[in-house]
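S.K.: This is a predicted model, with the sequence first.
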Amino acid sequence: MDLENAIKKYKAYFTDKIETYGAVPKGADYNGYGAQEVRFEQLIKVIDSSTAFSVIDYGCGYGAMFDFLQRQNWKFEYYGFDMLEKMVIAGQAAHKEFSNAQFTHNENTLSVVDYLLAGSIFNNKFDADQSEWQDMVIETLNRLNALCNKGFAFNMLTSYSDADRMALRPDLYFADPLLMFDFCKRNFSRNVALLHDYNLYDFTILVRKDAK
Ligand SMILES: C[S@@+](CC[C@H](N)C(=O)[O-])C[C@H]1O[C@@H](n2cnc3c(N)ncnc32)[C@H](O)[C@@H]1O
């Protein structure tokens, strides 16, 4: 199966989720608020909130990360980007009253910001080959890196999951955390953290570009 078809399936799958459930965790294919927030907690560790900052939420869905950041009482400008127009429309509708929240589905309109967060955007590969999906992931990581000055964070399902569970889900992409760590360390920054200690079948990578 070629990548283009897998991406078509991906888009149809998530469009269906947001249309069916709306701006709640199931609309972004999470089981619930807990599952979403435990991942957000890891991703935001890349941010130094002692001064105001700008952040791109890459693959923002309906913008749940905005609400999570807002609850920290931090000062920030949020730019939600999602390739799906339906997600962006849901995000805009849910955050109309916030002057520090903007959404777009056009990647070309994004400017470079302080931080970039990418939550659960690589998990569903459908019937793409492992290697072609991995190539797409690497290409995307290069773009994420180019869009921020201070650092970025992303999460992925882990290849350290139970073999029998992974065998049942060939539609999911279980990435090798060591390979991703190595790629980020060699290409993006000397300061990279691999977080794989939060009791889920996934891991988070923090790339800090401004560490002293
Ligand atoms: C599982 S949802 C997660 C949404 C949000 N990050 C969250 O954690 O609530 C994945 C989202 O990422 C978006 N996405 C995946 N790859 C993308 C890409 N390369 N560019 C833009 N959006 C992408 C999808 O359209 C989908 O809305």
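M.R.: All right, it came through fine. Numbering: from 1, shown residues only.
S.K.: Just the terminal-to-terminal distance for stretch 40-53.
M.R.: Length of stretch 40-53, first residue to last, Cα to Cα, to the nearest Å: 17 Å.
S.K.: That one and the ligand, are they touching?
M.R.: No: counting by Cβ under 6 Å from any ligand atom, the ligand is not contacted by stretch 40-53; separation bottoms out at 7.0 Å. For every residue, glycine as well, the C-beta is placed using N, CA and C.
S.K.: which residues are contacting that stretch?
M.R.: Under the contact criterion Cβ atoms under 8 Å, 6 or more residues apart in numbering, stretch 40-53 has outside partners 55, 64-65, 68-69, 72, 74-77, 113-115, 117-119, 150-155, 193, 195, 198, 204, 206-208, 210.
S.K.: Show me the longest strand that occurs in this structure.
M.R.: Longest strand of the chain, by residue count under DSSP state E: strand 148-158.
S.K.: List the buried residues in the helix or strand just after it.
M.R.: Toward the C-terminus, strand 148-158 is succeeded by helix 163-168 as the next helix or strand (DSSP states H and E). For helix 163-168, the neighbour count (16 or more other Cβ atoms under 10 Å) marks Met166 as buried.
S.K.: Repeat that for stretch 64-71.
M.R.: Neighbour counts over stretch 64-71 (16+ other Cβ under 10 Å) mark Ala64, Met65, Phe66, Asp67, Phe68, Leu69 as buried.
S.K.: Which of those fall in helices?
M.R.: Ala64, Met65, Phe66, Asp67, Phe68, Leu69 (DSSP state H).
S.K.: Near the ligand, list only the ones from the contacts of stretch 40-53.
M.R.: Subset of those in contact with the ligand: Ala64, Gly119, counting by Cβ under 6 Å from any ligand atom.
S.K.: Quick check: PyMOL command selecting the buried ones in the contacts of stretch 40-53.
M.R.: In PyMOL syntax, the buried subset of those is picked out as below (16+ other Cβ under 10 Å):
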select buried, resi 55+64+65+68+69+76+113+114+115+117+118+119+150+151+152+153+154+155+193+195+204+206+207+208
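S.K.: Contacts for the top helix by length along the chain, please.
M.R.: Identified as the longest helix of the chain according to DSSP H is helix 3-21. Identification of contacts with helix 3-21 by Cβ under 8 Å, 6+ apart yields 26-29, 61-62, 83-84, 86-87, 90, 124-128, 132-133, 136.
S.K.: Centre of the chain to it, how far?
M.R.: Relative to the centre of its chain, helix 3-21 is centred 16 Å away, using Cα atoms, centre = their mean, to the nearest Å.
S.K.: which residue packs closest to Val137, ignoring adjacent ones?
M.R.: In this structure, Val137 finds its nearest non-sequential neighbour in Phe122, 5.2 Å apart by Cβ to Cβ, 6 or more residues apart in numbering.
S.K.: domain ranges for this structure?
M.R.: The record's domain parsing of the chain by automatic domain parsing lists 1-27+75-104, 112-212.
S.K.: Let's have those domains in a markdown table, adding mean pLDDT.
M.R.: Compiled in a markdown table, the domains of the chain are given as follows (pLDDT from 0 to 100):
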| stretch | mean pLDDT |
| --- | --- |
| domain 1-27+75-104 | 96 |
| domain 112-212 | 96 |
